[in-house]
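Peer 1: Sequence first, predicted coordinates after that:
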Amino acid sequence: MVQAVILEDHTLYRLGVKYVFDHSPDIFLAGEANCDAELFRILAGTSADIVLVGVNLFDDIAYTDITRRIRHDFPTVKILAIANEDTAEIVQSMTEVGIHGYIGKRQASKHELTKAVQMVAEGREYAGKIDTNIC
């Protein structure tokens with residue numbers, strides 16, 4: 001069973017992820033955080049396999065710093081970025097800071113999200129589709 005933690009500042013999105021994981025026999029949501037301090041408290045008290053980090057370039061959460069700290073303090077924990085914007089430039093930026101996979105919020109269906117979590121937790125990379133139809 002994959003133990004996941006989510007860092008996402010949008011409550012409604014966290015609720016959606018929780019719903020998906022509650023209906024997945026292979027993924028357990030071990031914690032939910034809406035800020036980095038809360039995330040690191042949760043990680044210190046769990047044996048999480050993967051962290052889903054919400055990436056929104058216009059919010060206060062600095063995913064690059066968070067990613068580096070996860071990699072340093074919890075080196076066995078995999079990181080799946082969930083991005084509002086999934087252009088080639090943003091994907092490149094995420095890759096440079098050391099994420100293990102990414103998925104765009106526009107493509108994150110129940111099936112695709114659980115597939116991405118399982119692949120990344122197993123140590124495989126997951127690369128979501130880059131959205132070329134941004135309005």
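Peer 2: Great, that's in hand.

Peer 1: going forward, measure contacts between C-alpha atoms and count neighbours the same way
Peer 2: Fine.

Peer 1: How about the secondary structure of residue 51?
Peer 2: Three-state assignment for residue 51 (DSSP: H, G, I helix; E, B strand; the rest coil): strand.

Peer 1: ditto for residue 80
Peer 2: Three-state call for residue 80 (three-state DSSP): strand.

Peer 1: Does it have any beta-bridge partners, and if so which?
Peer 2: Taking DSSP bridges as the rule, residue 80 bridges to residue 52, residue 101.

Peer 1: Can you give me every residue that contacts it?
Peer 2: Residue 80 is in contact with 50-53, 99-103, 116-117, 120, counting by C-alpha atoms under 8 Å, 6 or more residues apart in numbering.

Peer 1: Residue 78: which of those residues is nearest?
Peer 2: In terms of C-alpha to C-alpha, no member of these lies closer to residue 78 than residue 50, at 4.5 Å.

Peer 1: still on that earlier bit, now the contacts of residue 80 in JSON lines, with neighbour count?
Peer 2: Shown next, in JSON lines, are the contacts of residue 80 (neighbours: other C-alpha atoms under 10 Å):
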{"residue": "50", "neighbour count": "25"}
{"residue": "51", "neighbour count": "28"}
{"residue": "52", "neighbour count": "22"}
{"residue": "53", "neighbour count": "26"}
{"residue": "99", "neighbour count": "26"}
{"residue": "100", "neighbour count": "21"}
{"residue": "101", "neighbour count": "25"}
{"residue": "102", "neighbour count": "29"}
{"residue": "103", "neighbour count": "27"}
{"residue": "116", "neighbour count": "21"}
{"residue": "117", "neighbour count": "28"}
{"residue": "120", "neighbour count": "23"}
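
Peer 1: Identify the farthest-apart pair in these.
Peer 2: 50 and 103 (13.8 Å).

Peer 1: Next, count neighbours for residue 44.
Peer 2: 11 (other C-alpha atoms under 10 Å).

Peer 1: tell me what the helix or strand where it lies is packed against?
Peer 2: Assigned by DSSP states H and E, residue 44 belongs to helix 36-45. Contact analysis of helix 36-45 by 3 or more C-alpha pairs under 8 Å, 6 or more residues apart in numbering; DSSP states H and E lists strand 2-7, strand 27-33 as its packing neighbours.
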